[in-house]
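Visitor: Structural data only, the sequence is not supplied:
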């Protein structure tokens, strides 16, 4: 279970997230919605340690991880920009997390094959990532995040920027993957249909407070 | 920018890393310089220097030869820069390559090439050698800026009745003047502090501040005079950089488009374009060709005697073999490249890090690592011989000090190659690596270093060629067992005997091939 307690984040004196608390039970998906600038992505970054919190705590299974560096949290992240490593092939991208954790070549190749099958791109192992379409790249990013078996998966608007057909197909695929792996996840989206489709529970962030003149 | 959560060990390590480049420059440049100032500077000597007509003559000659070199460089480089920035034609790429290559060549080789043509020392030879070097500076700095000025603005001016000259003055010049000024300042600094060129083609009567610092300190032992000259020289260089510093308004990019545009060459103007490129290319490449020619001609006839002598391992009148000299230079260049690139990588990474930006530590790191640009080679050499000559720091005669000093000189250039490449790596790639379980060290190794490979190779090549060609600071430190190729060339060319001098040209030709080989692969 993921628990966020009284989370506050500020950038250069500006409060982005203020006193946010919520819980995400194991194997469920929380969707976070809200207008631009509400701090949706910042909440995800704070949970995985990519930004330092000004106060508050993050717990996984009752263990306080607030001060743990990102690489030791076991939290996966998929964003709308994919951020695949340009110098690596599709297989090497998917194997990256396993390699960092000291997996053997055999383990890596088995897991890469499994992940490629899960996202429906079985023959893409040796492809250059620059040759992928937007939808394919997003699937590979999802496979890469899932490969090291994270405890929690954070999805930051993962369906944005895709055309409708691919978007809907990827939504179904992602939901099936999350269900089959009993993954705890948080989905940030500005699209209410996506939120309804995924949601076990939902959280709506208020609009940002305008700085007083 | 928000900080990432990191362990205390990682944070401490990151902060401690910046100590290496700062400490390196402080120990091998800042401390030696201030130590030489503290030990030998006196106001009365400086006053004497400034009232001595011979010294004032040296200051005056240093100034006017540098200014004339800037003018000559601009006259040669400007038409070529215009033509290569504005037009696309067959051979343009080759000409660009030929014009920019001499920048990485050792000054002493270029000077030897000029001497091979003019056969005489003096101002003309000095100016020619400086032009050969510095055309690349103008082309590299001004060219990209000129390419960005969309021709539609010039066309609009023409349709409004503006002559080509007025169009240049009112449309083109305002856009490129900042970079022209920066290029002129850089060329001035290079020519004002030029050592190898003046040593080879200056002759006995032509002395500059840079060569006089060497003469006064190493040959005459007048350290107080040398340090006064070094301070005068540094003040002039700093003043020139200060005057040429662009203001915010001047760097405005209004009227500038994002991609270079090529114009179609009209038949009528084709000759102007070709002459604008071919003439500078000849001026720049002739000395290099002359070096190769002199290496195979003996008293007007084709002779490979010097080549066979040098390649058999003998350097006439020198007590050191060809292979020893080449080995020394190559080992120094590899050690320099390794050291300079490692430190540059640390410094660039620190300066590009979001944790570090705009902090005072960042400003100190940038300032300290830029210092080797404003301190001339002779000033650096002077500081070294006065500082590292007493126990427990009597390192002056230690061979390892030479590649270390070459690394100090190469550091700012290596940083300037690596820093933009590091900044071009999206932060999100590092974030993703961390979420996939990569430690900061693994992220650096598997993401940063992997993506930086081309820039690392380039900076490695640049640092290696800087070491191969370094002459000024090396002159202060070299011993017979650590003679480098540039030192050997200088000694061979400076001694009588046709075969001795021809051997100097052979070694210079080998150095051209080595330098071009390394820089073209990097």
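Guide: Cool, got the structure. Remember, it's a predicted structure, so these values are computed and weren't measured experimentally.
Visitor: mind checking the backbone torsions on residue B:337?
Guide: phi -60, psi -40 (degrees, to the nearest 10).
Visitor: I'd guessed it sits against residue B:468; true?
Guide: No - judged on C-beta atoms under 8 Å, residue B:337 makes no contact with residue B:468 at a distance of 9.9 Å. C-beta coordinates here come from the backbone N, C-alpha and C atoms, glycine included.
Visitor: neighbouring contacts of the longest helix belonging to chain A?
Guide: Counting residues, the longest helix found in chain A (DSSP state H) is helix A:164-180. Applying C-beta atoms under 8 Å, 6 or more residues apart in numbering or on different chains, the contact partners of helix A:164-180 are A:29, A:118-120, A:134-135, A:138-139, A:142, A:146, A:153, A:155, A:158-159, A:162, A:183, A:185, A:194, A:197-198.
Visitor: Show me which residues of chain A are close to chain B?
Guide: A:9, A:11-12, A:45, A:48-52, A:66-71, A:74-77, A:79, A:81, A:83, A:85-87, A:96-97, A:99-101, A:144-145, A:148, A:150 (C-beta under 8 Å from any C-beta of the partner chain).
Visitor: Tell me the buried residues in the longest helix of chain A?
Guide: A:166-167, A:170-171, A:174, A:177-178 (16 or more other C-beta atoms under 10 Å in any protein chain shown).
Visitor: With stretch A:99-118 instead?
Guide: A:99-101, A:103, A:108, A:111-112, A:115-116, A:118.
Visitor: now stretch B:11-19
Guide: Of the residues in stretch B:11-19, those buried (16+ other C-beta under 10 Å) are B:11, B:14, B:18.
Visitor: Near residue 143, how many other residues are there?
Guide: Using chain A here. 25 (other C-beta atoms under 10 Å in any protein chain shown).
Visitor: other chain: chain B
Guide: 25.
Visitor: buried sites along the host helix or strand of it?
Guide: Here residue B:143 sits within helix B:123-147, counting by DSSP states H and E. Residues B:123, B:125-143, B:145-147 are the ones in helix B:123-147 that count as buried (16+ other C-beta under 10 Å).
Visitor: can you check stretch B:392-410 too?
Guide: Buried, per 16+ other C-beta under 10 Å, within stretch B:392-410: B:395-396, B:399, B:401-410.
Visitor: Quick one: low-confidence residue ranges for chain A.
Guide: A:209-213 (pLDDT under 70).
Visitor: Okay, helices next: where are they in it?
Guide: A:40-48, A:90-100, A:105-118, A:134-146, A:164-180, A:192-198.
Visitor: Relative to residue B:82, which of these is closest?
Guide: Distance to residue B:82, taken as C-beta to C-beta, is lowest for helix A:134-146 among these, at 42.6 Å.
Visitor: Would you mind pulling up the elements that the closest one packs against?
Guide: In terms of contacts (3 or more C-beta pairs under 8 Å, 6 or more residues apart in numbering or on different chains; DSSP states H and E), helix A:134-146 is packed against strand A:75-79, helix A:90-100, helix A:105-118, helix A:164-180.
Visitor: Show me what counts as buried in it.
Guide: A:135-146.
Visitor: Distance to residue B:172 added to the helices of chain A, as JSON lines?
Guide: Converted to JSON lines, these look like this (distance: least, C-beta to C-beta, whole Å):
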{"stretch": "helix A:40-48", "distance to residue B:172": "45"}
{"stretch": "helix A:90-100", "distance to residue B:172": "47"}
{"stretch": "helix A:105-118", "distance to residue B:172": "55"}
{"stretch": "helix A:134-146", "distance to residue B:172": "42"}
{"stretch": "helix A:164-180", "distance to residue B:172": "48"}
{"stretch": "helix A:192-198", "distance to residue B:172": "53"}
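Visitor: out of the ones you listed, which comes closest to residue B:237?
Guide: That would be helix A:40-48 among the helices of chain A, by C-beta to C-beta, at 46.3 Å.
Visitor: next one: the closest one to chain centre, how far?
Guide: 10 Å (C-alpha atoms, centre = their mean, to the nearest Å).
Visitor: Check which helices and strands that helix is in contact with.
Guide: Counting by 3+ C-beta pairs under 8 Å, 6+ apart, helix A:40-48 packs on strand A:2-11, strand A:14-24, strand A:29-33, strand A:75-79, strand A:152-156, strand A:184-188, helix B:427-435.
Visitor: rerun that using 6 Å as the cut-off
Guide: Contacts defined by 3 or more C-beta pairs under 6 Å, 6 or more residues apart in numbering or on different chains; DSSP states H and E place helix A:40-48 against strand A:2-11, strand A:14-24, strand A:152-156.
Visitor: Doesn't residue B:120 lie inside a helix?
Guide: No - counting by DSSP: H, G, I helix; E, B strand; the rest coil, one finds residue B:120 to be coil, located in no helix.
Visitor: what's around residue B:334, how many residues?
Guide: So residue B:334, with other C-beta under 10 Å, has 15 neighbours.
Visitor: Could you check how far it is from chain A?
Guide: 26 Å (C-beta to the nearest C-beta, to the nearest Å).
Visitor: I'd assumed residue B:87 was in contact with residue B:273.
Guide: Yes - with contacts counted by C-beta atoms under 6 Å, residue B:273 reaches residue B:87, the gap being 5.4 Å.
Visitor: State the distance from residue B:145 to residue B:82.
Guide: 12 Å (C-beta to C-beta, to the nearest Å).
Visitor: Spatially nearest residue to residue B:195, not counting backbone neighbours?
Guide: Nearest residue to residue B:195, sequence neighbours excluded (C-beta to C-beta, 6 or more residues apart in numbering or on different chains): residue B:472, at 3.7 Å.
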